[in-house]
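1. fold the stuff below for me.
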Amino acid sequence: FFLKLFFMKKEIINNASNLFLQYGCKNVTMDDIANEMSISKKTIYTHFKNKTDLVRAGVFKIFKDVNSIVSKVQKNNSNPIISLYEIKKVAFQFLNKDNESQRYQLQKYYPKIFAEITKKEFETMLVNFENNLKEGIKMGFFRKSINPEFLSRIYINGLQGVRNVELFPPKSFKILHLLESYIDYHLRAIVTKKGLAFLEKNKLRIKDEN
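-> Now for the predicted structure:
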């Protein structure tokens, strides 16, 4: 019985998170989720006290999925420059489908959840990008004089900036172009001659593969 309840709750979160990604948490109703799963709203409310509770679960499920993929990318790719572009590819898979507008919905209508997930994203990215910078220094791609602790925070701040829909309205700016431009801007500020040569030599290949 308890196992059945566990799997039902998991399925509700999975379906809700997919709908939130497609249409935004504000636009998706409990009826939409129930209809998608062919269950009653009563079943959903058995597991979640309200929509806000379900939105929080869905948002953190998406975060967990993205973080899991990013961890695999970093584990399987030792090159710090290519790694940044691979992470960008993962981000774009989740940010495609006008998802920055969905993020804006979360920020506007569920500010507490937005603050929670933003803090969690920051803490996780800080570790990932600091390690990326240290690896780049070790391999001779990034200058030894850079401060990984400082630059990882600057990099994350910039990423959050290009995802700000008030600064970069989705109708005028494509998220893929913004991410690519920001990574290029970031790398050119910190690479050594070796790193710049690698970037220039492999830039087209990296962009084609991504």
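2. show me the contacts for Asp31.
-> Asp31 is in contact with Lys41, counting by CB atoms under 8 Å, 6 or more residues apart in numbering. Any C-beta I mention is one placed from the backbone N, CA and C, and that applies to glycine too.
3. and it, how close does it get to Gly58?
-> Here the criterion is CB to CB, to the nearest Å. By it, Asp31 lies 16 Å from Gly58.
4. same check, this time on Glu149
-> Plainly put, Glu149 is 33 Å away from Gly58 if you go by CB to CB.
5. what does Ile113 give?
-> Counting by CB to CB, the gap from Ile113 to Gly58 is 10 Å.
6. more crowded one of these two?
-> Set Ile113 next to Gly58 and count neighbours by other CB atoms under 10 Å: Gly58 wins out with 26 against 20.
7. does the more buried one touch Cys25 like I think?
-> Yes - the pair Gly58 / Cys25 is scored as a contact, 7.3 Å apart, by CB atoms under 8 Å.
8. top helix in the chain by residue count?
-> Looking across the chain with DSSP state H, the single longest helix is helix 111-139.
9. now do that helix: distance to the chain's middle.
-> Between the centre of helix 111-139 and the centre of its chain there are 10 Å (CA atoms, centre = their mean, to the nearest Å).
10. in it, what's buried?
-> Buried residues in helix 111-139, counted by 16 or more other CB atoms under 10 Å: 113-114, 117, 121, 124-125, 128-130, 132-137, 139.
11. ok, stretch 33-44 next?
-> 33-34, 37, 39, 44.
12. which ones among those residues map onto helices?
-> Per DSSP H, those map to helices at 33-34, 37, 44.
13. ok, which pair from the residues you listed is furthest apart?
-> Spatial extent of those (CB to CB) is set by the pair Met37 and Ile44 at 8.3 Å.
14. between the two, what contacts are shared?
-> Listed contacts common to Met37 and Ile44 are Ile12; contacts here mean CB under 8 Å, 6+ apart.
15. right, and Gln102 touches Phe20 too?
-> Yes - with contact defined as CB under 8 Å, Gln102 counts as touching Phe20 (6.7 Å).
16. now render the ones in helices among the buried residues of stretch 33-44 as TSV, adding pLDDT.
-> TSV is the format used below for those (pLDDT from 0 to 100):
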residue	pLDDT
Ile33	98
Ala34	98
Met37	97
Ile44	97
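17. nearest to Ile62, of those residues?
-> Nearest to Ile62 among these: Ile33, at 14.9 Å, using CB to CB.
18. setting aside sequence neighbours, what's the nearest residue to that closest one?
-> Ala16 (5.2 Å; CB to CB, 6 or more residues apart in numbering).
19. next one: Glu135
-> That would be Pro80: by CB to CB, 6+ apart, it lies 4.8 Å from Glu135.
20. what's around that neighbour, how many residues?
-> Pro80 has 22 nearby residues by other CB under 10 Å.
21. is it true that it touches Leu133?
-> Yes - at 7.4 Å, Pro80 and Leu133 qualify as touching, with contact defined as CB under 8 Å.
22. what do these two both touch?
-> Joint contacts of Pro80 and Leu133 (CB under 8 Å, 6+ apart) are Phe142.
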